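Participant: With the input below, show me the fold.
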Amino acid sequence: MKSASPLGVFERYLSLWVALGIIIGVKLGLALPGLFQLIARLEYANVNFVVAVLIWVMIYPMMVSVDFASIREVGRKPKGLCITLVVNWLVKPFTMAFLGILFFNYIFAGLVTPEVAKEYIAGMILLGAAPCTAMVFVWSQLVRGDANYTLVQVSINDLVMVVAFAPIVSWLLGVTDVQVPWTTLLLSVILYVVIPLAAGYGTRKRLDARGHEVAIAEFCAQIKPYSIVGLLATVVLLFGFQAQTIVAQPLVIVLIAIPLLIQSYGIFAIAYAWGYFWRVPFAVAAPAALVGTSNFFELAVAVAISLFGLNSGAALATVVGVLVEVPVMLSLVAFANRTRKFFPSTSSG
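Facilitator: Here you go, the predicted model:
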């Protein structure tokens with residue numbers, strides 16, 4: 001009997017919901033510009049209160065699913081974790097920056113102003129420096145990956161993100177001549193990584209005492225709808241703020257999507273080929289490649305807003321990342337499943 005898909009209705013049609021959110025946001029932005037201007041003013045220290053609440057609503061359920069106790073399993077198959085960490089932190093942020101500079105400073109130079117180009121590049125860098133923490137569990141299930149090992153990869157990625165995200169982003173933005181206040185960047189990491197991570201850890205500890213996996217699964221199922229609402233509401237808000245720009249320059253969505261697509265397929269190719277030549281078992285190699293390809297777009301969106309503002313090109317670039325991610329990931333899942341036979345089923349990797 002064919003097993004049920006781990007993708008729910010929301011995940012399966014995420015691109016459709018995001019596209020609808022974009023349309024609604026643009027229409028509302030054009031019809032009610034005063035409302036969006038009012039929301040934009042509800043901020044302190046470059047942190048918009050409305051967007052912050054929505055981001056927390058999105059991120060918190062993901063952090064509850066992170067089990068740091070699983071890190072003790074890291075020595076069992078070190079090769080897959082090595083691929084994940086190297087690709088996520090030593091390759092992906094820098095290739096994303098390179099592609100952003102290549103396309104917006106050179107290939108698309110005549111289509112956007114230098115000031116706007118810098119913001120698009122900044123948004124791409126924020127995406128590249130934020131590896132996925134939630135949807136990767138879905139991708140791992142779709143390729144029948146090792147669930148426990150995927151949990152190890154995500155848990156360690158989150159710990160690395162706490163200390164590495166801000167320095168990498170700051171350095172790469174400096175390379176692209178974007179001046180970033182360190183205080184704002186560090187505040188963003190605390191607000192959107194450290195605090196939700198601590199809250200998720202505390203919740204998981206309480207749920208452990210009530211039944212561990214069953215209690216955690218039930219709790220996550222209960223709060224998942226709020227995460228969905230938070231994501232779609234954020235998309236509506238961001239595109240409402242960007243409505244005038246999008247109507248005046250609809251081509252900009254396509255321009256941003258092109259380097260993002262190249263980055264996604266390129267990163268997957270690097271990690272997947274590495275797993276193949278290193279003879280890593282498929283159940284570890286496929287999720288390792290998918291972790292590197294997918295993005296923690298919630299964090300990228302939040303930091304883009306904090307650093308550059310709700311109406312910025314950086315915020316727009318991160319939201320376009322949401323739009324292109326799901327169809328790209330589904331195509332890569334299909335490719336991985338078709339090439340499963342070329343990988344060993346078990347090894348010490």
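Participant: List the residue ranges of the stretch 1-150 of the chain that fall below the pLDDT cut-off.
Facilitator: 1-12, 14-15, 45-46, 62, 66, 68, 70-76, 133-135 (pLDDT under 70).
Participant: Tell me where the stretch 151-300 of the chain is predicted with low confidence.
Facilitator: 179-181, 211-212.
Participant: For the closest residue to Leu111 other than its chain neighbours, list the residues it contacts.
Facilitator: The shortest distance from Leu111 to any non-neighbouring residue, by CB to CB, 6 or more residues apart in numbering, is to Leu255 (6.4 Å). (Each C-beta comes from the backbone N, C-alpha and C, glycine too.) By CB atoms under 8 Å, 6 or more residues apart in numbering, the residues touching Leu255 are 103-104, 108, 111-112, 120.
Participant: Quick one, which of those residues are buried?
Facilitator: Burial by neighbour count, 16 or more other CB atoms under 10 Å: within the contacts of Leu255 this picks out 103-104, 108, 112, 120.
Participant: tell me the two of those that are most distant?
Facilitator: Within the buried ones among the contacts of Leu255, Phe103 and Val112 form the most distant pair, 9.8 Å apart (CB to CB).
Participant: re the thing from before, quick one: which two of the contacts of Leu255 are the most distant?
Facilitator: Within those, Leu111 and Tyr120 form the most distant pair, 10.7 Å apart (CB to CB).
Participant: Nearest the middle, which residue of the protein would you pick?
Facilitator: For the chain, Phe296 is the residue whose C-alpha lies nearest the centre (CA atoms, centre = their mean; 1.9 Å).
Participant: my read: that residue touches Cys132, true?
Facilitator: Yes: shown here, Phe296 and Cys132 form a contact pair, counting by CB atoms under 8 Å, at 5.4 Å.
Participant: what is in contact with these two at once?
Facilitator: With CB under 8 Å, 6+ apart as the test, Phe296 and Cys132 reach no residue in common.
Participant: Out of the contacts of Leu255, name the ones that lie in helices.
Facilitator: Using DSSP state H, the subset of the contacts of Leu255 located in helices is Tyr120.
Participant: could I get the contacts of Leu255 as a markdown table with distance to Ala289?
Facilitator: Below are these laid out as a markdown table (distance: CB to CB, whole Å):
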| residue | distance to Ala289 |
| --- | --- |
| Phe103 | 24 |
| Phe104 | 27 |
| Phe108 | 28 |
| Leu111 | 32 |
| Val112 | 32 |
| Tyr120 | 26 |
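Participant: Cool, thanks, signing off.
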